[in-house]
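**Q** Take a look and give me a structure for this.
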Amino acid sequence: MKIRIVSYEDVKGWILGKFALNLEKHLKEMGHDVDIAKVPDPTADINHHIIFLDYKIDQITNSDTLMITHIDDVTKLSLVKNKLRFASAGICMSKETMNNLIKAGISNDKLFYVNPAHDGIFVPRKIVIGITSKMHPDGRKREGLLLEVAKYITPKLFKLKIMGEGWERIVVELRRLGFEVEYLEKFDYQMYISFVPSLDYYLYMGQDEGSMGFVDALAAGVETIVTKQGYHLDAPNGLVYGFDSKEELIEIFKNIENKKQVLINSVSTWTWGDYAIKHLEIWEYLFSKNRASSKYIDGLNSNLNSTKLNKYDKILYEINLYKIMFSRFFYSIDKAGKIKRRLKRLLK
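**A** Next up, the predicted model:
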């Protein structure tokens, strides 16, 4: 497919250029004939305009698609409505914007949405679990539980910070399992002061009435994973994750891990490669009129379950746009007035 990405701003300028460059890169990797310019190409199969604002209806080609974003006043809404009379389709950045435009009277046949992408370079920050206790020969700290838990969680998402004597064997085994461990054998109060607030969770596995580290962790605003006993029970809302058994502790860690993984997974199909594929599927549909299956929620089939037109929703949506427009207008007047008063004071 021959694709012209019409980027009206300098591709090295700001965010919109990033969209254009990444589309070009990944579409070329798929084997398509792609270029970027400030004007459409009448010989291209698709001209994709970034963004809709500068699309000129006197330069219509066989198949124009418009990137639609930031419809935050009635003027922009009017522009979108007019330009989509001529363009083949508008590709919004969110389901909400697509649905709002449908509410405003634009046919859902002309609208899709594709969520924005991330660069795929970010490594999730590890969840930091902290321990501040000294081990004893009689096993009163139940340190073996830590190794049991380690069998059920991923080293990619957890880091251990331990301060206290006697943990050498546990530390060696944790590192063998792939966990990052920061170990301070000797207690140092000055280091302890910065150690505790650096934690995401404070862990105490002993059942000997309580840990002073529990008190300090709460004072520092750190969530706790501690045994349900002693003065742990007396701090109102302080026992965030309570447990007694190995099974309960494993379940707590699995839930914490899952909570983090859910966040990561929420944008797992929001990469630039996915972004390009989603656009390509829409363009192939516009070109052939054959709607194919797609593994994505957004993209090709995103308008199939769009919000139905409701005249009251349309009115409410447009009222909200007017409110935004007027609030910005009055803000600019207020800001101009403050600048004027400041200049008067300076000139006195």
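**Q** Please count neighbours and contacts with C-alpha atoms only from this point.
**A** Noted.
**Q** Please enumerate the helices of the stretch 201-348 of the chain.
**A** 212-219, 246-265, 272-288, 311-347 (DSSP state H, counting those that start in this stretch).
**Q** List the contacts of residue 140.
**A** By C-alpha atoms under 8 Å, 6 or more residues apart in numbering, the residues touching residue 140 are 206-208.
**Q** I misspoke; the intended subject was residue 292.
**A** With contacts defined as C-alpha under 8 Å, 6+ apart, residue 292 is in contact with 281, 285.
**Q** low-confidence ranges in the stretch 101-250 of the chain?
**A** Applying pLDDT under 70 to the stretch 101-250 of the chain picks out residues 139.
**Q** wait, is residue 131 part of a helix?
**A** No - assessed with DSSP: H, G, I helix; E, B strand; the rest coil, residue 131 is strand; it does not lie in a helix.
**Q** what's the nearest residue to it if we skip its chain neighbours?
**A** Closest residue to residue 131 apart from its sequence neighbours, by C-alpha to C-alpha, 6 or more residues apart in numbering: residue 162 at 4.7 Å.
**Q** what number of residues lie near that neighbour?
**A** 20 (other C-alpha atoms under 10 Å).
**Q** Make residue 1 into 24 and carry on from there
**A** Fine by me, first position is 24 from now on; the one you just mentioned is residue 185.
**Q** List the contacts of it.
**A** Contacts of residue 185 by C-alpha under 8 Å, 6+ apart are 153-156, 204-208.
**Q** most surrounded residue in those?
**A** Busiest of the contacts of residue 185 [other C-alpha under 10 Å] is residue 153, holding 28 neighbours.
**Q** Thought residue 222 was touching that residue, still the case?
**A** Yes - the pair residue 153 / residue 222 is scored as a contact, 5.9 Å apart, by C-alpha atoms under 8 Å.
**Q** Mutual contacts of those two, please.
**A** Contacts common to residue 153 and residue 222, judged by C-alpha under 8 Å, 6+ apart, are residue 184.
**Q** In terms of helices and strands, where is the residue nearest to residue 154?
**A** For residue 185, the enclosing helix or strand under DSSP states H and E is strand 181-186.
**Q** closest one to residue 71 among the helices of the stretch 224-371 of the chain?
**A** Nearest to residue 71 among these is helix 295-311 (9.4 Å), distances taken as C-alpha to C-alpha.
**Q** returning to what we had before: quick check: the farthest pair among the contacts of residue 185?
**A** 156 and 204 (15.2 Å).
**Q** who touches the residue nearest to residue 272 when sequence neighbours are not counted in this structure?
**A** Computed as C-alpha to C-alpha, 6+ apart, the closest residue to residue 272 that is not its neighbour in sequence is residue 266, at 5.9 Å. Each residue near residue 266 by C-alpha under 8 Å, 6+ apart is listed here: 248-251, 272.
**Q** Run through the bridge partners of residue 266.
**A** Beta bridges link residue 266 to residue 250 when assigned by DSSP bridges.
**Q** what's the distance between it and residue 67?
**A** Distance of residue 266 to residue 67, given as C-alpha to C-alpha, to the nearest Å: 64 Å.
**Q** where does the residue most central in space within the chain sit relative to residue 139, distance-wise?
**A** Note on the chain: the residue nearest the mean C-alpha position is residue 290, at 6.3 Å, using C-alpha atoms, centre = their mean. Per C-alpha to C-alpha, residue 290 is found 9 Å from residue 139.
**Q** Which neighbours do those two have in common?
**A** With C-alpha under 8 Å, 6+ apart, residue 290 and residue 139 have no common neighbours.
**Q** For the strand holding residue 185, which strands pair with it and how are they oriented?
**A** When pairs are called by DSSP bridges, strand 181-186 turns out to pair with strand 150-155 (parallel), strand 203-207 (parallel).
**Q** what's downstream of it, the next helix or strand?
**A** Scanning forward in sequence from strand 181-186 by DSSP H and E, the next helix or strand is helix 191-199.
**Q** Give me the helices and strands touching that next one, please.
**A** helix 167-173, strand 203-207 (3 or more C-alpha pairs under 8 Å, 6 or more residues apart in numbering; DSSP states H and E).
**Q** Using PDB, write out every CA atom in that helix.
**A** Written as PDB, here are the backbone C-alpha positions of helix 191-199 (Å, rounded to 0.1, in the frame of the first residue of the first chain):
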ATOM      1  CA  GLU A 191      23.300 -14.000  54.700                       C
ATOM      2  CA  ARG A 192      22.000 -17.500  53.800                       C
ATOM      3  CA  ILE A 193      18.600 -16.200  52.800                       C
ATOM      4  CA  VAL A 194      20.100 -13.400  50.800                       C
ATOM      5  CA  VAL A 195      22.300 -15.800  48.800                       C
ATOM      6  CA  GLU A 196      19.300 -18.000  48.000                       C
ATOM      7  CA  LEU A 197      17.200 -15.100  47.000                       C
ATOM      8  CA  ARG A 198      19.900 -13.900  44.600                       C
ATOM      9  CA  ARG A 199      20.200 -17.400  43.200                       C
END
